[in-house]
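Participant: predicted coordinates and the sequence they were generated for:
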Amino acid sequence: MKIRVEPEISGKKDGYDIIIDAGIIGGVSAEEIVSAFSSAAVNLKAGFLAVTSETVYGLYGVKFSAFLKKCGIENFDFIVLPDGESTKSLKYLADIHDRLIDNGMERSDSIIAFGGGVVGDLAGFAAATYLRGINFIQVPTTLLADVDSSVGGKTGIDHPKGKNLIGSFYQPRAVLIDVDILKTLDKRELINGFAEVIKYGAALDADFFSYLESNYKKILAYDEETLIRIIEKSCSIKAHIVNQDEKESGLRSVLNFGHSLGHAIETLYNYENIKHGEAIAIGMVFAAKLSKHLGLCGEEEVARIKNLIINSGLPSDIPDFTPEQYVNAMKLDKKVSDKQIKFVLIKGIGVYEFKKLDFSFLFNYLAKI
Ligand code: NAD
Ligand code: GLY
């Protein structure tokens, strides 16, 4: 399956393919990949730096090297970084830049992100900033990265004071999704990625949400066919949004359903002990309840979102921080302007609504619940 992403950049369409299949890395024919690289103007004879994490390298380093060779890529190196959100930092960005310089990499060379969202965001930002931009290819290995972070070009790192505060929009030249690789992902990570899938249904597609309600058990059982189906659907929804609003000047904010509170939770936890998908699951339940409080939706919609989240094993209760801590963390959200935050709310399942909310209103609401 191939999905084309074609965001309009400076009035021009600049597209790339997302290729979704099972067994791409495991050794099936590399022809489709080679043709995707060629159509993306990636020179297979140039140099490649694959950025990956310790776990992924341990599991797939040998297989991935063989895959690259099969594609005709001979000149490649790996940089293997520690697992975890704290790797999305200036320190590891500098380590990648150092390696690119030490290897004498040029503008025609490429970075491959081979890992989860942490590796993808960090490697993408390194690609965006080295020599003012070199080719970048995403090979995601977590469900979260398959359905969200590998597509759409948001790259960056965290700052101790706020999530993703430093970064840039930088689109990959190709995205290769091998569903086989998800088999080694532990259950908590699979469920973490499922939160972003729920997001697409809850905010944008009622039929997809119903499909998830009926099929979540198959997803939690790593059923390949169902995983391919939800990855295809999620990537199609995301591509459709990114094609219209690459730089998040309006519509793309809908993809942040659950993220205003979610990012605040991640920051307050200092990026430890909670995963991104878990934090946004709590944020989605919060946003649904807030939507009901504002008269936008009813109890039934709140209950459906909360039930799917709880049934999938995701958390839904707001952690015990003070309203002041939440509001202070949310003040650093990228959707803040004129001392208000643009919140993504829902009018029903699959129907979003943007609303600018004052921090004083949010403080009072958080103090009440
Ligand atoms: P992650 O990258 O930390 O990966 C989770 C863990 O799984 C890591 O320890 C990793 O080594 C391991 N792992 C990866 N693939 C594996 C595999 N196939 N088998 C076994 N283990 C494997 O976490 P994540 O959830 O993928 O990504 C979270 C990050 O993505 C956050 O920083 C979040 O902000 C970012 N994100 C970015 C976007 C975007 O649009 N750029 C969207 C959503 C989330
Ligand atoms: N993950 C939100 C976005 O890509 O816009």
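Facilitator: Looks like it came in fine. Ligands and ions are numbered 1, 2, ... in the order given.
Participant: tell me the contacts of the residue of the stretch 251-369 of the chain found nearest ligand 1?
Facilitator: For the stretch 251-369 of the chain and ligand 1, the shortest gap (Cβ to the nearest ligand atom) falls at His276, measuring 4.1 Å. Heads up, the C-betas are built off the backbone N, CA and C, glycines and all. When contacts are counted by Cβ atoms under 8 Å, 6 or more residues apart in numbering, His276 touches 85, 117, 144, 192, 195, 262, 266.
Participant: ok, so what distance separates it from Ala41?
Facilitator: Taking Cβ to Cβ, to the nearest Å as the criterion, His276 is separated from Ala41 by 32 Å.
Participant: cool, Glu74 as well?
Facilitator: Here Glu74 is placed at a distance of 19 Å from Ala41 (Cβ to Cβ).
Participant: what about the strands in this protein?
Facilitator: 2-5, 8-9, 12-13, 16-21, 48-53, 76-81, 110-115, 135-140, 154-159, 162-169, 174-178, 336-337, 340-348, 351-358 (DSSP state E).
Participant: what residues sit buried inside the fifth one?
Facilitator: Just to be clear, that refers to strand 48-53. Of the residues in strand 48-53, those buried under the neighbour-count criterion (16 or more other Cβ atoms under 10 Å) are 48-53.
Participant: ok, longest helix in the chain?
Facilitator: As assigned by DSSP state H, the longest helix anywhere in the chain is helix 224-244.
Participant: using PDB, list the CA coordinates for that one.
Facilitator: Once non-C-alpha atoms are left out, helix 224-244 reads as follows in PDB (Å, rounded to 0.1, in the frame of the first residue of the first chain):
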ATOM      1  CA  GLU A 224      -1.200  -7.900  11.400                       C
ATOM      2  CA  GLU A 225      -4.100  -7.300   9.100                       C
ATOM      3  CA  THR A 226      -5.800  -5.000  11.600                       C
ATOM      4  CA  LEU A 227      -2.600  -3.200  12.300                       C
ATOM      5  CA  ILE A 228      -2.000  -2.600   8.600                       C
ATOM      6  CA  ARG A 229      -5.600  -1.300   8.300                       C
ATOM      7  CA  ILE A 230      -5.300   1.200  11.200                       C
ATOM      8  CA  ILE A 231      -1.900   2.400  10.100                       C
ATOM      9  CA  GLU A 232      -3.200   3.000   6.500                       C
ATOM     10  CA  LYS A 233      -6.200   4.800   7.700                       C
ATOM     11  CA  SER A 234      -4.300   6.900  10.200                       C
ATOM     12  CA  CYS A 235      -1.600   7.900   7.600                       C
ATOM     13  CA  SER A 236      -4.300   8.800   5.100                       C
ATOM     14  CA  ILE A 237      -6.100  11.000   7.600                       C
ATOM     15  CA  LYS A 238      -2.900  12.700   8.600                       C
ATOM     16  CA  ALA A 239      -1.700  13.100   5.000                       C
ATOM     17  CA  HIS A 240      -5.000  14.700   4.100                       C
ATOM     18  CA  ILE A 241      -4.600  17.300   6.900                       C
ATOM     19  CA  VAL A 242      -0.900  18.000   6.300                       C
ATOM     20  CA  ASN A 243      -1.500  18.500   2.600                       C
ATOM     21  CA  GLN A 244      -3.800  21.400   3.400                       C
END
